[in-house]
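# With the sequence up front, the predicted model follows.
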Amino acid sequence: MKKFLAMLLVLSLSGAALIGCSTTDKTPDGNTPPAVTEETPKDGEEVAGEIAKIGLGQTTTIAKSKDLEGETTPVGQVDTVIVAAGFDKDGKVVKVTIDTAQTKINFDKELQLTTDVTEKGKTKVELGEAYGMKKASQIGKEWFEQAAALGEWMVGKTVAEIKAMEIKDGKTADAELTSSVTISVEGYITALEEAYNNAVEVKAGAVELGLGTDISAAKSKGYANADGKETLPLAQVDTIMTVVAFDKDGKVAGTIIDNAQTKVNFDKEGKVTSDKAAEVKTKVELGDEYGMKKASQIGKEWFEQAAALSEWTVGKTVEEIKAMELKDGKATDAELTSSVTITITDYIETIVEAKENAK
């Protein structure tokens, strides 16, 4: 009898404990909350797979530009490889976009422009099927499809693991990629490494990454000689590259803005006078060498102003950024007038495009 009473007491206490849990542990709407485990991250804590840093890597060359020679007319060609990447706290690739801006400025035998330089240029990804690689591709895939496949392969790997890829004649020999990527990959791996080396931390909670570009050849010029003043041919391509990370609510967690202002100069015989083998630097890479500080009303160099604009975007939605009041393309916002005097219209447009392309 005593054993029976003891057992009855234990069961009664257990039932009371269960009843207590069922009443006190339920949410106001009567649902049982999810279990909290040791792996549940604390507020503000970085987790694997979340974007902790973003980077921009690029390489610009004018090596394929051509002189006037016989029936060959002059061409100023600017090729800019672009890699936008997001990395987690362990340095693994979370998100990546690979693109190339291949811009050609054509002249006739009289050294006059034949390219419509009022039209904005397009990257290979933006050209899509119009780029025309599929016809000549051994695997029947367009350039943007191959770039996407390479990017997907990079996700989850460190830069060191990506650099360890087996390459033959500039192309991948990795069994996972040979059926989907036949383009040369070395330049994209180099740009990814640069993106990692230059990566900046972003606000916690970043889950999407986007790339926006703006390509203009509007400052290019044909040959002219009027009133004793000679103007030599110039192919100038300004390639704006903007990388933006967004949180789940569409707010900016981090922004990187840069501009490759590339000039291909010709003499009056149509020969390229720029060093086609020289390294081409972006405005950020030029730093103080760009020379804006001397003429700046606020005494700040271009890269400093671009960084200030980038910082201002953090925590804002694209709609809020677009709503910024501008005058003659410049910011009138009290937060920016003391740190940004450059024209920012095109930079805002690339932020908007980055959101449209975000993944």
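Good, I have the coordinates. Remember, it's a predicted structure, so these values are computed and weren't measured experimentally.
# in stretch 91-100, what's buried?
For stretch 91-100, burial by neighbour count (16 or more other Cβ atoms under 10 Å) applies to 92, 93, 94, 95, 96, 97, 98, 99, 100. Using the backbone N, CA and C atoms, a C-beta is placed for each residue, glycine as well.
# residues making contact with it?
With Cβ atoms under 8 Å, 6 or more residues apart in numbering as the test, stretch 91-100 has contacts from 48-51, 79-88, 123-125, 143, 147-148, 150-151, 154-159, 162, 188, 191-192, 196, 208-211, 213, 357, 359.
# Now, of those residues, which are buried?
Buried subset of the contacts of stretch 91-100 (neighbour count, 16+ other Cβ under 10 Å): 50-51, 79-88, 123-125, 143, 147-148, 150-151, 154, 157-159, 162, 188, 191-192, 196, 208-211, 213, 357.
# Mind checking what helix or strand follows the lowest-mean-pLDDT helix or strand in the chain in sequence?
Sorting the helices and strands of the chain by mean pLDDT, DSSP states H and E puts helix 2-24 at the bottom, at a mean of 42. For helix 2-24, the succeeding helix or strand toward the C-terminus, using DSSP states H and E, is strand 51-61.
# Output the contacting helices and strands for that following strand.
strand 75-87, helix 186-197, strand 200-216, strand 234-247, strand 252-265 (3 or more Cβ pairs under 8 Å, 6 or more residues apart in numbering; DSSP states H and E).
# picking up where we left off before, so which of the buried residues of stretch 91-100 sit within strands?
In strands, defined here by DSSP state E, the members of the buried residues of stretch 91-100 are 93, 94, 95, 96, 97, 98, 99, 100.
# Among these, list the two that are farthest apart in space.
Spanning the widest gap among these are 94 and 100, at 22.0 Å by Cβ to Cβ.
# Quick check: residue 299 touching residue 288?
No - using Cβ atoms under 8 Å, residue 299 makes no contact with residue 288, being 11.8 Å away.
# With adjacent residues omitted, what lies nearest to residue 159?
residue 196 (4.8 Å; Cβ to Cβ, 6 or more residues apart in numbering).
# In contact with the one you found, which residues?
Shown in contact with residue 196 (Cβ under 8 Å, 6+ apart): 55, 57, 85, 87, 91, 159.
# Check residue 333 too.
Applying Cβ under 8 Å, 6+ apart, the residues contacting residue 333 are 312, 324, 325.
# now, among those, which is nearest to residue 221?
Proximity of these to residue 221 was ranked by Cβ to Cβ; the top entry is residue 324 with 32.4 Å.
# can you list the weak-confidence ranges in the protein?
Within the chain, the stretches with pLDDT under 70 are 1-49.
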